[in-house]
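**Student:** Kindly return the folded structure for what I paste below:
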Amino acid sequence: MSNGLIAILTIAAMGAVTYCTRIGGFLLLRNRSLSPRALAVLEAVPGCVLISVIAPRFVSDKPAELLALAITLLAAWRLPLLPTVLVSVVATGLLRHFM
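**Tutor:** All right, here's what the predicted structure looks like:
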């Protein structure tokens, strides 16, 4: 098997697993009423995932990544999650390219 085919199959498998976990949550919780505490936990998950992705950059010694981290933190302070992720990705890509 060629590397290109392996990469395509890997991406397709990751997409299928992601879709199954998303739809699985909906199917498991569709007829249940959740407590306010459970709702609060589920609402905090996206932010926790974002923090787990950017937290390793706190120990980076690369100026581009530290500046991108600062931009991400400022965006997170003022913007909802999706725009924060977009600002973070663009800032990181541009700073890595130009620094």
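**Student:** Geometric centre of this protein: which residue is closest?
**Tutor:** Closest to where the C-alpha atoms of the chain average out (Cα atoms, centre = their mean) is residue 50, at 4.8 Å.
**Student:** tell me which element that one falls in.
**Tutor:** Per DSSP states H and E: residue 50 is located in helix 36-54.
**Student:** State the mean pLDDT of the longest helix along the chain.
**Tutor:** With secondary structure taken from DSSP state H, the chain has its longest helix at helix 3-29. Averaging pLDDT along helix 3-29 yields 90.
**Student:** For burial, what's the neighbour tally of residue 59?
**Tutor:** Residues within reach of residue 59, counting by other Cβ atoms under 10 Å, total 8. All C-beta atoms are positioned from the backbone trio N, CA, C, and that covers glycine.
**Student:** What separation do you get for it and residue 69?
**Tutor:** As judged by Cβ to Cβ, to the nearest Å, residue 59 and residue 69 stand 10 Å apart.
**Student:** same check, this time on residue 40
**Tutor:** Residue 40 is 27 Å from residue 69, by Cβ to Cβ.
**Student:** And those two? Which one has more around it.
**Tutor:** Shown here are residue 40 and residue 69; by other Cβ under 10 Å, residue 69 has more neighbours (20 against 10).
**Student:** which one is the more buried one nearest to, not counting chain neighbours?
**Tutor:** Nearest residue to residue 69 in three dimensions, chain neighbours excluded: residue 57, at 4.7 Å (Cβ to Cβ, 6 or more residues apart in numbering).
**Student:** tell me the contacts of that neighbour?
**Tutor:** Each residue near residue 57 by Cβ atoms under 8 Å, 6 or more residues apart in numbering is listed here: 65-66, 68-69.
**Student:** burial count for the closest residue to residue 99 other than its chain neighbours?
**Tutor:** Leaving aside its sequence neighbours, residue 99 sits nearest to residue 64 (Cβ to Cβ, 6+ apart; 3.9 Å). A total of 17 residues lie near residue 64 under the criterion other Cβ under 10 Å.
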